[in-house]
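dropping the sequence and predicted coords here.
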Amino acid sequence: MDVSAEKDITNRIYRADKPDHFMQITPIAYPVEARWRDLTLGYSSQALLLQEVGRSVYTPVVYFPRQHVATEYLIESGKTSRCPLKGSAVYFDLNFLDSRQLALAWSYQQMLDFDTRLELIHKAVAFDASAVQILEHKNR
């Protein structure tokens, strides 16, 4: 992902009690694909890039609208997490043919309500970029 530094801090999403932990959600201007081996798990021209700074600068994450994800291959894993900026996430395992990949994707099902822009990623699906290829289709 081509990520440039954002100089306009008005786009930052942060809690007043945690100003050093912030994020920015930006629409991606071209189609993006999430692929595991030869299986396309997500493809969207409406994907969003989330950039977050907290204890460190985190790797940017692509969020796909749920309707653009092959959810028939994802099953809830029972794993959950909580982010002080986003809320509570559930994780999904990939179940495809004889393959099972644990915690391959996640989705924030319960968002915090301090900023309405968080709704942009509510129930959207993100994939673990160490297990799934995130491909840019800039020429489409």
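Arrived safely, thanks for sending.

for the residue lying farthest from the centre of the chain, give me the backbone phi and psi.
When each C-alpha in the chain is compared with the mean C-alpha position (CA atoms, centre = their mean), Asp98 comes out farthest, at 26.0 Å. For Asp98, the backbone dihedrals are phi -100, psi 10 (criterion: degrees, to the nearest 10).

same check on Glu119?
phi -60, psi -20.

could you check how far the residue nearest to it when sequence neighbours are not counted is from Arg82?
In space, and not counting its chain neighbours, Glu119 is closest to Met111: 6.8 Å by CB to CB, 6 or more residues apart in numbering. Placement of C-beta: from N, CA and C, glycine included. Distance of Met111 to Arg82, given as CB to CB, to the nearest Å: 11 Å.

looking at those two, which one has more neighbours?
A direct count of neighbours by other CB atoms under 10 Å for Met111 and Arg82 places Met111 higher, at 20 against 11.

list the contacts for the more buried one?
Lys86, Gly87, Leu118, Glu119, Ile121, His122 (CB atoms under 8 Å, 6 or more residues apart in numbering).

which of those residues has the most neighbours?
Top of these by neighbour count (other CB under 10 Å): Ile121, with 22 neighbours.

hmm, back to that, tell me the one of the contacts of Met111 nearest Pro65?
Ile121 (9.6 Å; CB to CB).

pull out the buried positions in the top strand by length along the chain.
Looking across the chain with DSSP state E, the single longest strand is strand 99-111. Residues of strand 99-111 classed as buried: Gln101, Leu104, Ala105, Trp106, Ser107, Tyr108, Met111 (neighbour count, 16 or more other CB atoms under 10 Å).

residues in contact with the second one?
Right, the one you point to is Leu104. Trp36, Leu74, Phe92, Asp93, Leu94, Phe127, Asp128, Ala131, Val132.
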